[in-house]
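J.: everything below, folded, please.
(one chain, ligands or ions: 3)
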Amino acid sequence: MNCSLCNNVINGKYYADYWNNKVCAYHIEEGHATHCSSCGAITAKEYQLEDGRVLCKICNRNSVTHLSQIRGLIRRVKKSLVDVGFDNFQIDDINISLLTAEELAIKRNTNRPDTNNKGLTLSNVSNSIGGLLLRNKQKCTHNIFILHRLTKVEFAGVLAHEFLHAWQIKNSISLEAPKCEGLCNMGSFLLFSTLSSSLSSYYIKNLFDNPDPVYGGGFRYVHALYEEVGWEGVINKALKNNL
Ligand SMILES: [Zn+2]
Ligand SMILES: [Zn+2]
Ligand SMILES: [Zn+2]
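T.: Ligands and ions are numbered 1, 2, ... in the order given. Reported below is the predicted structural model:
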């Protein structure tokens, strides 16, 4: 068995990652290697971002730095959601920006940047007088902010999650936090299942394994419901605030 970092035959203790790479224990214990923040592969600390994330060579090369790289992917995310039954929300009314962890923290009104928070949706809902009289058409504008330097697959998952926050607000849906975040994570699950990428299985595993009661517990709850009633059932229940 050879070490995937130094290529030497591994003697004794070693570490393995999700991708079945094995490395001599000392690379990690002496701090020269760690898990890639995007794909979990054990990697030398070659590409370290200023927010503390470490990327492997492949994720560093494929990470999203400009929106111009992913216009097609944004349309694909929306189409995947519409294809399973979410109404055709106007993607053009939603502003999408890539931000650093620090900029995201400012948007969240905190001074603690946290790269586990990869997306944020801020919405403005205003009722025009005419709209109120007609009892319809509240005007919503949404700004979606996404952490920069995610892989394209990860970006698609985060964007789908945030789109479903915007969708819930647009439809005046108000769910308790685990159901709200669980439904949004179903959007990520949908994209990971739709995009053919070797990374998808890793991200899907992370969704299921997430120990957080809101994000992980909520996702497992909504996913179990989806297994029973499908997307149509999940969407109808959400629209009735009865998920
Ligand atoms: Zn080694
Ligand atoms: Zn990676
Ligand atoms: Zn969320």
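J.: for Ala166, give its distance to Cys140.
T.: 7 Å (C-beta to C-beta, to the nearest Å). C-betas here are computed from N, CA, C, even on glycine.
J.: just to be sure, Ala166 is in a helix?
T.: Yes - the assignment for Ala166 by DSSP: H, G, I helix; E, B strand; the rest coil puts it in a helix.
J.: going forward, begin numbering at 137 instead of 1
T.: Yep, numbering from 137; the last one is Ala302 now.
J.: check contacts around it.
T.: 225, 230, 257, 259, 276, 278, 280 (C-beta atoms under 8 Å, 6 or more residues apart in numbering).
J.: give me the buried entries from those residues.
T.: Among the contacts of Ala302, those buried by neighbour count (16 or more other C-beta atoms under 10 Å) are 225, 230, 257, 276, 278, 280.
J.: take the residues you listed and keep only those in helices.
T.: Counting by DSSP state H, the buried ones among the contacts of Ala302 place none of their members in helices.
J.: which of the residues you listed sits closest to His297?
T.: In terms of C-beta to C-beta, no member of these lies closer to His297 than Thr257, at 8.8 Å.
J.: the closest one and Leu319, how far apart?
T.: Taking C-beta to C-beta, one finds Thr257 at 13 Å from Leu319.
J.: looking at the protein, which helix is longest?
T.: helix 354-375.
J.: what helices or strands is it leaning on?
T.: helix 313-330, helix 336-345 (3 or more C-beta pairs under 8 Å, 6 or more residues apart in numbering; DSSP states H and E).
J.: any buried residues in that helix, and which?
T.: Applying a neighbour-count criterion of 16+ other C-beta under 10 Å, one finds 354-356, 358-359, 361-362, 370-371, 373-374 buried in helix 354-375.
J.: so what's the residue nearest the centre of the chain up against?
T.: With distances taken as C-alpha atoms, centre = their mean, Val294 lies nearest the centre of the chain, 2.6 Å away. By C-beta under 8 Å, 6+ apart, the contact list for Val294 reads 254-255, 282-283, 286, 324.
J.: list buried residues within these.
T.: Judged by 16+ other C-beta under 10 Å, buried ones among those: 254-255, 282-283, 286, 324.
J.: low-confidence ranges in this protein?
T.: Filtered on pLDDT under 70, the chain yields the residue ranges 225-228, 263-274.
J.: near ligand 3, which residues of it?
T.: 317, 320 (C-beta under 5 Å from the ion).
J.: how about the strands of the chain, start to end?
T.: Counting by DSSP state E, one finds strands in the chain at the ranges 150-152, 158-160, 169-171, 178-180, 183-184, 190-191, 230-235, 255-262, 275-283.
J.: next, format the ones you listed as a markdown table and append distance to ligand 1.
T.: Listed next are these as a markdown table, based on distance: least, C-beta to the ion, whole Å:
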| stretch | distance to ligand 1 |
| --- | --- |
| strand 150-152 | 8 |
| strand 158-160 | 3 |
| strand 169-171 | 9 |
| strand 178-180 | 10 |
| strand 183-184 | 19 |
| strand 190-191 | 17 |
| strand 230-235 | 35 |
| strand 255-262 | 36 |
| strand 275-283 | 31 |
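J.: just send those back as JSON lines, with distance to Lys243 too.
T.: What follows is those, written out as JSON lines (distance: least, C-beta to C-beta, whole Å):
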{"stretch": "strand 150-152", "distance to Lys243": "36"}
{"stretch": "strand 158-160", "distance to Lys243": "37"}
{"stretch": "strand 169-171", "distance to Lys243": "27"}
{"stretch": "strand 178-180", "distance to Lys243": "29"}
{"stretch": "strand 183-184", "distance to Lys243": "24"}
{"stretch": "strand 190-191", "distance to Lys243": "23"}
{"stretch": "strand 230-235", "distance to Lys243": "7"}
{"stretch": "strand 255-262", "distance to Lys243": "6"}
{"stretch": "strand 275-283", "distance to Lys243": "6"}
